[in-house]
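Colleague: based on what follows, work out the 3D shape:
(one chain, ligands or ions: 1)
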Amino acid sequence: MTKKNTWMIGCLAAALAAFLCACGPKKPELHIYTWSDYMKPELVKEFEKAHNCKVTIDTFDSNEAMYAKLRAGATGYDLLFPSSYMVKLLFDLDMLLPLDHAKLPNLGNIDPKYLSLAFDKEMHHSVPYTLTITSIGYLGSRVEDFKPSWSMFDRTDLKGRITLLNDMRETIGAGLKSLGYSLNSTDDAQLEEAKNVVLRWKKNIAKFENEQYKNGLASGEFLVTHGYSGDLMLVKEENDDIQIAIPEEGSALSFDDMCIPKTAPNPDLAHEFINFVLEPRNAADLTEFIWYLCPNAPSYELLSEEVREDPILFPPEEVVAKLEMIGDIGDDIAKYTKVWDAIKAGE
Ligand code: SPD
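Modeller: Numbering: from 1, shown residues only. All right, here's what the predicted structure looks like:
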């Protein structure tokens, strides 16, 4: 064989190999739709390797944004992480797949103490992922006379340096709590009062914000922020002047759950991922990375002592007693939407 022929055969073989590679079986894909800063990249890589698959993560910044996107017809997601009250809404609309417990041998790791608070106690279509305690973050050295109270949002000396969550249930809920009412109230007069409280706070705040408040607090642009517990703990890593307080009038407790939409292209892989998250080692890793407690009982002993003693991740009983779960309020959600629209439009 001439040198030229050998060279040509080599080229053809390389081209064939490249062709076969490109046309070979496509890796299975898992599409996740979740909140930002809510997954540990190393764990995702580990899952991809173990299942020879590709994981893609899209993010939302509020339950309502996620809901609007799904209702507008977005498909292709295998796994969602909404808060429980939103899971209930999706379930009522028949948008969720029942979970196959045979594929979830780690389900028993969910802490019964927290499962007893969940809506879907049988984990028929959702599994608790994390717990959020809605809190106030502030810069300890810059805010004088800080009080762990919703009244901080009335402090005119902090005008323009405060943010409130752009989250209908949380912010109207804060208004209700500040008045001593349930954050699930559907009483028209109480909701009207709460609307006026939030409108008063609105005069004082820089904006309603769910994402940028984190960096804003870390950089000192904002001095007091209404925030989700783990997000505040995350930015505290960047600026240790950040303090986190739970308002004494009470605040919101919520679960974000893992659930599979009926339109999921790969529900088997979604089950595998849920089961992977429920491994105690992985749940502990997540708690120490995203700073939201994964309510996975056997994972607790794998956490560092400092984390196990953290009062936001493991609040003392007297604090828990003041927290209220954001509940499913059925069709009365329309009342909240109306109040929220009035708050957004109002001066
Ligand atoms: N960065 C993750 C934020 C998730 C917080 N949970 C939202 C709970 C809403 N009630």
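Colleague: use CA for all of it now, contacts and neighbours both
Modeller: Noted.
Colleague: in stretch 44-56, what's buried?
Modeller: Within stretch 44-56, the residues that count as buried by 16 or more other Cα atoms under 10 Å are 44, 47-48, 53-55.
Colleague: kindly export that stretch (C-alpha atoms) in PDB.
Modeller: In PDB, the C-alpha atoms belonging to stretch 44-56 read as follows (Å, rounded to 0.1, in the frame of the first residue of the first chain):
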ATOM      1  CA  VAL A  44     -25.100  17.700  39.700                       C
ATOM      2  CA  LYS A  45     -21.800  16.600  38.100                       C
ATOM      3  CA  GLU A  46     -21.800  13.500  40.300                       C
ATOM      4  CA  PHE A  47     -25.400  12.600  39.300                       C
ATOM      5  CA  GLU A  48     -24.500  13.200  35.600                       C
ATOM      6  CA  LYS A  49     -21.600  10.800  35.900                       C
ATOM      7  CA  ALA A  50     -23.500   8.100  37.800                       C
ATOM      8  CA  HIS A  51     -26.400   8.200  35.300                       C
ATOM      9  CA  ASN A  52     -24.500   9.100  32.100                       C
ATOM     10  CA  CYS A  53     -26.900  12.000  31.500                       C
ATOM     11  CA  LYS A  54     -26.900  15.700  31.100                       C
ATOM     12  CA  VAL A  55     -28.700  18.000  33.600                       C
ATOM     13  CA  THR A  56     -29.900  21.400  32.600                       C
END
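Colleague: and the contacts of it?
Modeller: Stretch 44-56 is contacted from outside by 27-32, 273, 276, using Cα atoms under 8 Å, 6 or more residues apart in numbering.
Colleague: what number of residues lie near Ala345?
Modeller: Applying other Cα atoms under 10 Å, we find 9 residues neighbouring Ala345.
Colleague: is it true that Glu211 touches Phe60?
Modeller: No - contact criterion Cα atoms under 8 Å: Glu211 and Phe60 do not qualify, at 9.9 Å.
Colleague: next one: phi and psi at Cys259?
Modeller: phi -150, psi 160 (degrees, to the nearest 10).
Colleague: ok, the closest residue to it other than its chain neighbours - contacts?
Modeller: Closest residue to Cys259 apart from its sequence neighbours, by Cα to Cα, 6 or more residues apart in numbering: Ser126 at 4.7 Å. Residues in contact with Ser126 (Cα under 8 Å, 6+ apart) are 87, 99, 120, 257-260.
Colleague: how does it look with 7 Å?
Modeller: 120, 257-259 (Cα atoms under 7 Å, 6 or more residues apart in numbering).
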